[in-house]
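S.K.: Everything below, folded, please.
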Amino acid sequence: MAALAPRTIETPWLRLRSLDERTAWILLGAFWVVTRLIYLLNVMLGHHYPDDEFFLYAQRFSHGLLPYRDFQVEYPPLGIALIVLPGLIHSGPLTPWGYGTSFALEMMALDLLTLFLVVRLARKLIPSDPTGLISGLLYTGFVAASGAIAQKFDLVAGTFCLLAVMAFIRRRDSLGWMMLVAATLIKGFPLAIAPLFLMYRLMEGRAGYRSLYEGLRAAVASSIAFLVPLVWMAGGVQPLVHAILYHVDRGTEIESMYSGVLLLAGRLFGLVTFSYANPADLSQDIQSPLDMLVSHSATPLGLVLIGLIYWQFYRALKARPHDGYQELVRASLLVLLAFIVTFRALPGHYLLAVLPLESMVRFQGRRQTTFICVLLGALLLGQLETVFWQPLLAGAWSGILVLVARNAAILGCFVLLFGGTMWGYLAPAMRRSISPEPQASLGWAVESGIRSWQEVPAPFNSYRQQSSKREEITSLRSAQHFYMNQQRYRIM
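M.R.: Numbers count the residues shown, from 1 in each chain. Here you go, the predicted structure:
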């Protein structure tokens, strides 16, 4: 009896790759529409609106008040723009329902744009995903599992990070640096990717100096063009500085990595640990005897971890210069995750900023499946945490265990990224278009220069060699037919 082949985990992915393009687009579109419609109805009918502060900012802006100048805000400039602009689309008084619906529709539109970019970039840069279906499904599933697309704007920072890294890979440095500036003006911490761009071009030597100059020039020009009017509108630099330094003095938020450790230590060793509402940073913070240790070690720990990633990226470029593009994607994700896990606040929506890039990750072997499962686990546990929110505030075991499990899954994603080996990103045609190498042509055409009417895209193989190959194939086919006819006569 014939033995059945073992069913592998990769079988569903192979079936998805075998779909024709039209069926793939229908499948992806239906998945996106169903999941996003659920979250839109959750806002419109379930009344799960964005933060109350978002509504207050939009309401003040609709009354003619300007952020930074007339009222203090805690977000960077482009982040504030995403918050207040939906408040302008209303008739009559601005209501929480109207603002929440407008904000959700704004995020859905940007989410659809991000999906289009993910699919388009995957088709061009990932050889194993020629239709972009796998990357599109991963992105759609990741964002759906996060549960925060209709209430938070962190995804837009991830969109600009994706554009920045992928533009840099395609040697469009000016666009890449401008997108990185935009991502920084939304969330701030994507600025940590900039040293990776600098390091990559500097290690290319003379070939990278011009690209680096053009990229930095575009970054400086775009920053000045945006910040000069903003400083004038805000009435000085001080309001902008406050929006940055505000995060340095914030407490230990209850969802951070440190809070899970503090709550566990409080339960296991009898330390007096409790949560409280902190109006200074508009969040639930943790008070513990170990809080002083956390406040003094969080920033140095983040700097050390990010520095270690820079060092690993430098060594990878020296050891494997041809794998630089996938190392850049991996290091960019690691830097973003390093900031997230070492920051003193870690709400679940922070992960939205890394999901567009994470949908482009392709590990070798079974690590890819493990990475997807662990990331989905972290996102789904973040949603489960909202169910156990009150037990978590009360310091109950159920809430603490859910928080610790979610944070452990996020750390697992970081570890898998840190130690994994990724597949290359550029298809052979794209690699040739980015790094063209001189190819031999037909004799005199190389020496005299090929005119427009002489362009013959011939490799080094001559037509005589190609014709000889055709003769060999023809002779092999004739021999095969002769052998089959002999076998047929023997049977008869």
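S.K.: Leaving out the residues flanking it, which one is nearest to Ser259?
M.R.: The spatial neighbour of Ser259 that comes closest, neighbours along the chain excluded (Cβ to Cβ, 6 or more residues apart in numbering), is Ile286 at 4.6 Å. C-beta coordinates here come from the backbone N, C-alpha and C atoms, glycine included.
S.K.: Report the separation between that neighbour and Leu393.
M.R.: Separation of Ile286 from Leu393 (Cβ to Cβ, to the nearest Å): 10 Å.
S.K.: ditto for Gln287
M.R.: For Gln287, the distance to Leu393 (Cβ to Cβ) stands at 12 Å.
S.K.: what's the answer for Gly176, then?
M.R.: Gly176 is 42 Å from Leu393, by Cβ to Cβ.
S.K.: neighbour count winner among the two?
M.R.: Applying other Cβ atoms under 10 Å to Gly176 and Leu393 shows that Gly176 carries more neighbours, namely 24 against 15.
S.K.: The more buried one is in what secondary structure piece?
M.R.: Following DSSP states H and E, one finds Gly176 within helix 173-187.
S.K.: Just want the angle from whatever helix or strand comes next after that helix to helix 173-187.
M.R.: Of the helices and strands lying after helix 173-187 in sequence (DSSP H and E), the nearest is helix 194-203. Per axes from the mean of the first three to the mean of the last three Cα atoms, to 10 degrees, the angle that helix 194-203 makes with helix 173-187 is 160 degrees.
S.K.: related to what we said a few turns ago, now the helix holding Gly176: mean pLDDT?
M.R.: Averaging pLDDT along helix 173-187 gives 93.
S.K.: I'd guessed Phe371 sits against Val361; true?
M.R.: Yes - using Cβ atoms under 8 Å as the test, Phe371 is close enough to Val361 to be in contact (6.6 Å).
S.K.: list residues touching both of these two?
M.R.: Common neighbours of Phe371 and Val361, using Cβ atoms under 8 Å, 6 or more residues apart in numbering, are Leu417.
S.K.: These two: which is more packed in?
M.R.: For Phe371 versus Val361, neighbours defined as other Cβ under 10 Å are more numerous around Val361 (24 against 19).
S.K.: Distance of the more buried one relative to His349?
M.R.: With distances taken as Cβ to Cβ, Val361 is found 20 Å from His349.
S.K.: same check, this time on His322
M.R.: From His322 to His349 the distance is 37 Å (Cβ to Cβ).
S.K.: Next, show the common contact partners of Ile286 and Leu393.
M.R.: Any residue near both Ile286 and Leu393 by Cβ under 8 Å, 6+ apart counts here, and that gives 254, 275.
S.K.: any idea where the helices of the stretch 151-300 of the chain begin and end?
M.R.: Here the stretch 151-300 of the chain has its helices, by DSSP state H, counting those that start in this stretch, at 154-169, 173-187, 194-203, 206-234, 238-245, 257-269, 291-319.
S.K.: Would you point out which residue is most central in the protein?
M.R.: With distances taken as Cα atoms, centre = their mean, the chain has Leu357 as the residue nearest its mean C-alpha position (2.5 Å).
S.K.: Next up, the contacts around it.
M.R.: Leu357 makes contacts with 158, 161-162, 165, 329, 332-333, 336, as judged by Cβ under 8 Å, 6+ apart.
S.K.: That one: which element?
M.R.: Per DSSP H and E: helix 355-358 holds Leu357.
S.K.: ok so, going back, the contacts of Leu357: which two are farthest apart?
M.R.: Gly158 and Val329 (13.1 Å; Cβ to Cβ).
S.K.: on that earlier part again, and for Gln287 and Leu393, which residues touch both?
M.R.: Jointly contacting Gln287 and Leu393 under the rule Cβ under 8 Å, 6+ apart are Ser275.
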